[in-house]
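**Student:** attaching a predicted model along with its sequence, questions to come.
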Amino acid sequence: MRGDVPRRSAAQVADSREETIRAAASVASVIGLGALSIGSLADELGMSKSGLVGRFGSKEQLQLAALEFAAETFRRTVYAPAAQEPAGLRRLTAICDAWIEYLRRPPFPGGCFLTTASVEFDARPGPVNEAVKRTMREWLGVLEYQAGKAVEQGEISAALDPRDIAFTINALAVGANCEFQLHGEPRSLACARGAMANVLASEPRQPREQRAAAGGSAAFEP
């Protein structure tokens, strides 16, 4: 275990709450957020439990802090660079590019923290489950909004549901992370990026009423 997580001195961690949370997120990415505790983190850092209890209060609060840190790291790494692009297809494409690079060079040793936490807590009710669900709803909402803008701007077919686009892109990223972490095969990331591109490459189509006016059989078209 100790060889898997980047080491930080006890002095570094003691001087910074952020460094403590960063270390907690790194540990949790390997052993699982559910296994993260005051004791496991204290052992990993070579610190006393009392110092960490004073900083976080409980195992649950430590877990929530690690999750929040990981979510903010994801936003900063994946969304922030893409936000410089115009809303719609260009921003969604930039998100996909940044996402794949995030999976290729994850900031945590266990890979995508949010993917692992989603799988681990999908059937475990409680505050951590609620926090994971809230985080994922927000992210899927970002993807859906950008897909909606792309449809609205005529960049993606109006026949496609923005919610379906968001779901598909997220599912591809989750699958790529699992495959890459398990086998270390870069091709899985390339396959996922290609599939994302296919999702976003759907040709815009005329609204149904325009096709009917042009002589199309609108009644039998989606």
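**Tutor:** Looks like it arrived, so ask away.
**Student:** which residues of the protein fall in strands?
**Tutor:** With DSSP state E, there are no strands along the chain.
**Student:** ok, Arg90 to Leu200 distance?
**Tutor:** Arg90 sits 10 Å away from Leu200, going by Cβ to Cβ, to the nearest Å. No exception for glycine: its C-beta is placed from N, CA and C like everyone else's.
**Student:** report the buried residues of stretch 108-121.
**Tutor:** 108, 110-118, 120-121 (16 or more other Cβ atoms under 10 Å).
**Student:** now it - C-alpha only, CSV.
**Tutor:** What follows is stretch 108-121, C-alpha atoms only, in CSV (Å, rounded to 0.1, in the frame of the first residue of the first chain):
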residue,chain,number,x,y,z
PHE,A,108,-4.9,9.9,-8.0
PRO,A,109,-3.0,6.6,-8.1
GLY,A,110,-6.3,4.6,-8.3
GLY,A,111,-7.6,6.2,-11.4
CYS,A,112,-10.8,8.2,-11.7
PHE,A,113,-11.9,8.8,-8.1
LEU,A,114,-15.5,9.6,-9.0
THR,A,115,-16.0,6.4,-11.0
THR,A,116,-14.7,4.3,-8.1
ALA,A,117,-16.8,6.1,-5.6
SER,A,118,-20.0,5.8,-7.8
VAL,A,119,-19.5,2.0,-8.1
GLU,A,120,-18.6,1.6,-4.4
PHE,A,121,-21.5,3.6,-3.0
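**Student:** quick one: mean pLDDT for it?
**Tutor:** Across stretch 108-121, the average pLDDT comes to 94.
**Student:** give me the residues contacting it.
**Tutor:** Here stretch 108-121 makes contact (Cβ atoms under 8 Å, 6 or more residues apart in numbering) with 4-6, 25-26, 28-30, 32-34, 67, 70-71, 73-74, 102-103, 106, 128-129, 132, 135-136, 139, 173-174, 177-178, 180-181.
**Student:** and with 6 Å instead?
**Tutor:** By Cβ atoms under 6 Å, 6 or more residues apart in numbering, the residues outside stretch 108-121 that reach it are 4-5, 25-26, 29-30, 32-34, 70, 74, 128-129, 132, 136, 174, 177, 181.
**Student:** and stretch 53-66, how far out from the chain's middle?
**Tutor:** Averaging C-alpha positions (Cα atoms, centre = their mean, to the nearest Å) puts stretch 53-66 22 Å from its chain's average.
**Student:** so how far is the longest helix along the chain from its chain's centroid?
**Tutor:** The helix that spans the most residues within the chain, counting by DSSP state H, is helix 127-152. Distance of helix 127-152 from its chain centroid, counting by Cα atoms, centre = their mean, is 10 Å.
**Student:** before we move on, back to that, looking at the buried residues of stretch 108-121, which are in helices?
**Tutor:** 113-118, 120-121.
**Student:** okay, these in a markdown table with distance to Thr168 next?
**Tutor:** What follows is those, written out as a markdown table (distance: Cβ to Cβ, whole Å):
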| residue | distance to Thr168 |
| --- | --- |
| Phe113 | 22 |
| Leu114 | 17 |
| Thr115 | 15 |
| Thr116 | 21 |
| Ala117 | 21 |
| Ser118 | 16 |
| Glu120 | 23 |
| Phe121 | 23 |
